[in-house]
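>>> when you get a sec, could you give me coordinates for this:
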Amino acid sequence: MPYIIDGHNLIPKLPGFSLTDADDEQKLVDLLLEYARIKQTTLELYFDKAPAGFAKSRQSGRVKVIFVSEKTIADTRIMSRIKSLGNSARNWVVVTSDRRIVADAKAAHAAVLSSDAFAKQVMKTLDTKGVDPSQSREMTPDELDNWLKLFEKRD
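Residues are numbered from 1 along each chain as shown. Reported below is the predicted structural model:
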């Protein structure tokens, strides 16, 4: 099953991850790339507060990363995405601890996992496969270019 994930909801639930880290989003993407590869699934990962002019999405392997504009919040985009799935929402898993998103997901008959439960599932999967989540992989040149473009206007 594919997943819709509230990224900033998940980060503090993972050991060694913190919302105060400058590279918290990239660390999460790297971790979930490995998880998606092992599980042979696709993930949509939503983050709040994209820099002005950079609200967009990018595909990285089996993970689609959606940066939501500062004018709205990821929760709103996630709820819109769930509604846009229509009857196929029942084939998706929504990962969040936000009550409003949980209610929308359940109303659409999507499966729901709390961020804490999903974090445990990710860590167990990686541990079972001998993957050390503290060891980050190097970014591809395309990934590096994407991140540089995304954050160059923040200065």
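>>> residue 121 and residue 115, how far apart?
11 Å (C-beta to C-beta, to the nearest Å). Where C-beta positions appear, they are placed from N, C-alpha and C, glycine not excepted.
>>> assign residue 59 to helix, strand or coil.
Following DSSP: H, G, I helix; E, B strand; the rest coil, we place residue 59 in the strand state.
>>> make that residue 64, sorry
strand.
>>> contacts only, for it.
42, 43, 44, 45, 57, 58 (C-beta atoms under 8 Å, 6 or more residues apart in numbering).
>>> how much space separates the first one from residue 73?
The reference is to residue 42. Counting by C-beta to C-beta - residue 42 and residue 73 are separated by 23 Å.
>>> just the strands in this protein please.
3-6, 43-50, 56-60, 63-69, 93-95, 111-113 (DSSP state E).
>>> residue ranges with poor pLDDT in the protein?
50-55, 129-141, 143-144, 147, 150-155 (pLDDT under 70).
>>> let's go with 50 and repeat that
For the chain, applying pLDDT under 50 flags the ranges 155.
>>> take the strands of the chain and write them to JSON lines, including distance to residue 34.
Listed next are the strands of the chain as JSON lines, based on distance: least, C-beta to C-beta, whole Å:
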{"stretch": "strand 3-6", "distance to residue 34": "14"}
{"stretch": "strand 43-50", "distance to residue 34": "11"}
{"stretch": "strand 56-60", "distance to residue 34": "12"}
{"stretch": "strand 63-69", "distance to residue 34": "10"}
{"stretch": "strand 93-95", "distance to residue 34": "16"}
{"stretch": "strand 111-113", "distance to residue 34": "18"}
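>>> any idea which of those gets closest to residue 149?
Set against residue 149 and scored by C-beta to C-beta, the strands of the chain come closest in strand 56-60, at 9.6 Å.
>>> related to what we said a few turns ago, residue 121 and residue 115: who's more crowded?
Comparing residue 121 with residue 115 by other C-beta atoms under 10 Å, the one with more neighbours is residue 115, at 21 against 14.
>>> you'd agree the more buried one is up against residue 94?
No: here residue 115 does not reach residue 94: they are 10.5 Å apart, not a contact under C-beta atoms under 8 Å.
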